[in-house]
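>>> Based on what follows, work out the 3D shape:
(one chain, ligands or ions: 1)
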Amino acid sequence: MAEKPILLTGAAGALGRWLRPRLVEKYGKLRVSDKIDPAPLGKGEESVVADISSFEQVSRAVAGTRAIIHFGAYSIEAKWETILPANIVGTYNVYEAARLHGVKRIIFASSNHAIGFHETTEKLDADSLQKPDGYYGVSKAFGENMGSMYVDKFGFEVACLRIGSALPEPKDPRHLSTWLSYPDLFRLVTACLDSTRLRFAVLYGMSRNKRSWWDNSKVPEVDYRPEDNAEDYAAQILSHGDNRDPKLPSTRFMGGPYCDIDYLKR
Ligand SMILES: NC(=O)c1ccc[n+]([C@@H]2O[C@H](COP(=O)([O-])OP(=O)(O)OC[C@H]3O[C@@H](n4cnc5c(N)ncnc54)[C@H](O)[C@@H]3O)[C@@H](O)[C@H]2O)c1
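Now for the predicted structure:
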């Protein structure tokens, strides 16, 4: 019997579009899903348009797949009413549809905003406390916890990727600590898909950055070997100095600008 496809949600987004041809090349078959049409389809791709806030639509997207890369989300900070359907209800729908269709492995795009209120002087690892910096960060912390529960209760295999700043190039001083190059994102996602020992893993989605605040060494079951380093861009980024105000929450805390939003507004 032919192998079932891997499902990628959020397939019309920035990271999804970059990953798609590379995932097809490595794994042969990919089902791409998004609430907007993820056309044009490449060779090896099939599409199911689905709004993840609808259980029925998610269920159609999940049926007949063998693993899920869950990247579909409202991907920036927003008011609760915006975050709730896509990131809370949507993430529950993905996990629950996976359970009903017998799909056990989920690679979940979490975010650095799940730990955004840690000070930039700290070093975090897989056991560090969640400290979300807004509603978006809370939704990513929720997705991690939902994964943990589905692992313990239903025998799932879940990797939560606390993605830093996934960009073609780092652009500002904060990115020297948070950058994840696109090729390293691919290395991270495929290391999670290929792991033979995955149960529940929290990994920082970062390149091999010299100024990183994060440490993935507690997760040996995922053989992630990043190759890029934001430091290669440091001279260019810091050519006019680092003009950030050290007292601002966006400088003090890992979540950067999201930490300034409504800070101490009472
Ligand atoms: N790009 C980064 O630096 C970064 C950092 C941390 C986390 N992430 C996470 O990685 C994932 C991908 O990020 P991206 O930069 O490609 O974001 P993006 O906004 O470009 O793509 C997200 C996709 O999700 C889709 N989507 C939104 N609501 C949906 C819904 N209700 N139903 C179905 N699809 C829906 C959107 O249409 C979009 O195509 C997201 O989950 C994001 O939160 C990204």
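
>>> quick one, what contacts the closest residue to the ligand within the chain?
Closest contact between the chain and the ligand, by CB to the nearest ligand atom, is at Gly13 (2.0 Å). Heads up, the C-betas are built off the backbone N, CA and C, glycines and all. Counting by CB atoms under 8 Å, 6 or more residues apart in numbering, Gly13 touches Asp34, Phe71, Gly72, Ser75.

>>> Hmm, Ser250 is touching Cys259, no?
Yes - the criterion here is CB atoms under 8 Å, and Ser250 meets it with Cys259 at 5.4 Å.

>>> shared neighbours of those two, anything?
Between them, Ser250 and Cys259 share no contacting residue under CB under 8 Å, 6+ apart.

>>> Which one of these two is surrounded by more residues?
Comparing Ser250 with Cys259 by other CB atoms under 10 Å, the one with more neighbours is Cys259, at 21 against 18.

>>> Measure how buried Gly28 is and give me the count.
Close neighbours of Gly28, defined as other CB under 10 Å, add up to 12.

>>> Now it: closest residue in space that isn't a chain neighbour?
Spatial nearest neighbour of Gly28, excluding adjacent residues (CB to CB, 6 or more residues apart in numbering): Gly44 at 6.1 Å.

>>> Equivalent analysis for Pro246, please.
Nearest one to Pro246, counting by CB to CB, 6+ apart, is Arg252 at 7.1 Å.

>>> What of Arg17?
The spatially closest residue to Arg17, leaving aside those adjacent along the chain, is Ala11, at 7.3 Å (CB to CB, 6+ apart).

>>> That neighbour - that's part of a strand, no?
No - going by DSSP: H, G, I helix; E, B strand; the rest coil, the assignment for Ala11 is coil, not a strand.

>>> So for stretch 118-136, first residue to last residue, what's the gap.
Taking CA to CA, to the nearest Å, stretch 118-136 runs 16 Å from one end to the other.

>>> Would you indicate which residues of it are buried?
For stretch 118-136, the neighbour count (16 or more other CB atoms under 10 Å) marks His118, Thr120, Leu124, Ala126, Ser128, Gln130, Lys131, Pro132, Asp133, Gly134, Tyr135, Tyr136 as buried.

>>> which ones are touching the residue nearest to Pro246?
With CB under 8 Å, 6+ apart, Arg252 has these contacts: Glu119, Thr120, Pro246, Cys259.

>>> what about the second one, distance to Ser177?
Read that as Thr120. With distances taken as CB to CB, to the nearest Å, Thr120 is found 7 Å from Ser177.

>>> Equivalent analysis for the last one, please.
In this structure, Cys259 lies at 14 Å from Ser177, with CB to CB as the measure.

>>> give the contact list for the closest residue in space to Gly134 that isn't next to it in sequence.
Nearest non-adjacent residue to Gly134, counting by CB to CB, 6+ apart: Glu77, 4.6 Å away. Residues near Glu77 by CB under 8 Å, 6+ apart: His113, Gly134, Tyr135, Tyr136, Gly137, Tyr258, Ile261.

>>> Can you tell me which residues in this structure are near the ligand?
For the chain, the contact set with the ligand under CB under 6 Å from any ligand atom comprises 10, 12-16, 34-36, 51-53, 71-75, 86, 90, 109, 111, 163, 165-166.

>>> one step back: list residues touching both of Thr120 and Ser177?
Common contacts of Thr120 and Ser177 (CB under 8 Å, 6+ apart): Trp213, Met254.

>>> Can you list the residue ranges for strands in the protein?
Using DSSP state E, the strands of the chain run over residues 6-9, 30-34, 45-49, 67-70, 105-111, 157-163, 165-166, 179-180, 200-205.
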